[in-house]
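[1] Pasting the sequence and the predicted model now:
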Amino acid sequence: MSTKPAMVLQGLEPYLTAIEEQMKAAMAFPRAEELSPYYGMMFYHLGWMDETLSPRTQRSGKRVRPLLSLLSCEACGGDWRQALPAAAAVEIVHNFSLIHDDIEDHSLERRHRPTLWSLWGPAQAINAGDGLFIIGHLALHHLLTQGVSTAKAVRALRALDETCLKLTEGQYLDLSFEEQDTVSVQMYLQMIDGKTAALIGCATHLGSLLATDDAEIIGRYRQFGRQLGLAFQITDDILGIWGQEETTGKGVGEDIVSKKKSLPVVYALETGDVELREIYAQDEIRIPQVQVVIERLDKLGAREYATKMASRHSELALDTLESTGTKNRAQDKLRELALLLVERQY
């Protein structure tokens with residue numbers, strides 16, 4: 001039975017509203033008038049402004065990571081409001097990584113809108129991404145105004161810093177794989193563990209850290225997030241090839257043209273398929289070849305393999321969550337959200 005987004009998000013609107021308010025508060029500091037366009041680019045990417053840098057009201061982005069932070073905190077017996085600085089920090093850092101990711105992948109669209117670099121150029125987009133990276137770290141300092149001890153705030157800052165390093169390691173591997181003929185499934189898993197799973201694991205880690213001193217419980221919530229992150233990225237890989245452009249907000253065949261070593265491709269190349277290897281050995285993959293690649297992937301069972309792998313990591317995530325022994329509404333919402341992320345079509 002599929003998990004419906006409306007049912008999962010029911011009752012979570014106060015969390016989502018508080019997340020937006022906390023993120024905006026983290027960026028509300030005095031600045032010179034001539035810097036308005038600089039911060040306007042960040043606001044555009046975060047969904048708060050349009051291409052003319054005029055305000056827009058609709059929320060942009062799923063805000064999955066901050067939700068996981070707040071619910072993990074509440075599930076562990078904490079006050080989710082105390083974790084808002086951590087939730088905002090994780091989401092802002094996530095968006096820094098997306099800006100840079102779009103530049104590195106030459107992506108023209110994200111969330112059904114032009115990417116920041118495609119509007120203002122890669123140089124200024126890098127600048128805006130760097131700014132969000134720092135603002136995300138500054139946002140975490142607000143833990144001290146929420147009654148969090150200095151020692152615990154320092155632990156949270158260290159966890160975020162270590163995660164950011166792991167994230168860039170994963171991004172390095174992702175880019176380097178585009179130039180490699182042979183990438184194993186194990187190498188792929190190492191890459192997405194850094195690129196995607198680390199930050200989702202950090203989200204649940206920070207939430208639980210702010211609610212309890214039980215190291216074992218904190219470790220289990222972090223592992224829940226990490227396994228969920230692996231399942232999340234594999235699902236993304238599937239949607240990047242077989243998803244609908246109007247639903248995903250991403251160009252059809254984008255991952256194939258950029259020679260991304262997503263899990264379906266890695267699996268199919270490991271079978272030794274000659275035609276597929278010849279295509280990926282080219283300097284570039286042309287648009288007319290995208291359909292040929294998809295047909296080869298279908299014939300080799302790559303989609304089924306990736307779907308089973310996503311399910312496996314999803315089950316590991318849910319088993320880890322269950323092993324905490326926690327039983328409350330927030331825990332139920334974490335379980336529902338995890339299922340939604342793996343079953344999604346966007």
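    Alright, I've got the coordinates.
[2] any idea of the mean pLDDT for stretch 328-346?
    Mean per-residue pLDDT for stretch 328-346: 91.
[3] tell me how far it is from the chain's mean position?
    Distance, stretch centre to chain centre, for stretch 328-346: 15 Å (C-alpha atoms, centre = their mean, to the nearest Å).
[4] Pull out the buried positions in it.
    330-331, 333-344 (16 or more other C-beta atoms under 10 Å). Just so you know, the C-beta spots here come from the backbone N, C-alpha and C atoms, and that holds for glycine as well.
[5] ok, now stretch 74-89?
    Neighbour-count burial for stretch 74-89 [16+ other C-beta under 10 Å]: 74-76, 78, 80-89.
[6] nearest to Val183, of those?
    The shortest approach to Val183 among the buried residues of stretch 74-89 belongs to Ala89, at 32.1 Å (C-beta to C-beta).
[7] Does the closest one lie in a helix or a strand, and which?
    If you go by DSSP states H and E, Ala89 is part of helix 84-105.
[8] quick one: the strands in this protein?
    109-110, 113-114 (DSSP state E).
[9] will you turn these into CSV that also has distance to Gln282 and mean pLDDT?
    Listed next are the strands of the chain as CSV, based on distance: least, C-beta to C-beta, whole Å; pLDDT from 0 to 100:
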stretch, distance to Gln282, mean pLDDT
strand 109-110, 25, 90
strand 113-114, 28, 95
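[10] quick one, what contacts Leu140?
    Pro85, Ala86, Ala89, Ala153, Ala156, Leu157, Leu160 (C-beta atoms under 8 Å, 6 or more residues apart in numbering).
[11] between the residues you listed, which is nearest Leu318?
    For these, the nearest to Leu318 is Ala86 (23.1 Å; C-beta to C-beta).
[12] measure that closest one to Ile134 for me?
    16 Å (C-beta to C-beta, to the nearest Å).
[13] what sits against Glu104?
    By C-beta under 8 Å, 6+ apart, the contact set of Glu104 is Gln171, Leu175.
[14] ok, now how distant is it from Leu173?
    With C-beta to C-beta as the criterion, Glu104 and Leu173 are 12 Å apart.
[15] for the buried residues of stretch 74-89, which one is nearest Gly129?
    Ala89 (15.3 Å).
[16] Tell me the pLDDT of that closest one.
    98.
[17] Equivalent analysis for Leu173, please.
    97.
[18] isn't it right next to Gln190, touching?
    Yes - judged on C-beta atoms under 8 Å, Leu173 makes contact with Gln190 at a distance of 6.8 Å.
[19] These two: who's more crowded?
    Between Leu173 and Gln190, counted using other C-beta atoms under 10 Å, the more crowded position is Leu173 (20 against 14).
[20] Might you report the residue contacts of Arg303?
    Arg303 neighbours (C-beta under 8 Å, 6+ apart): Ile238, Ile241, Trp242, Pro264, Leu297.
[21] and if we set it to 10 Å?
    Applying C-beta atoms under 10 Å, 6 or more residues apart in numbering to Arg303 gives the contacts Asp237, Ile238, Ile241, Trp242, Leu263, Pro264, Tyr267, Ala268, Ile294, Leu297.
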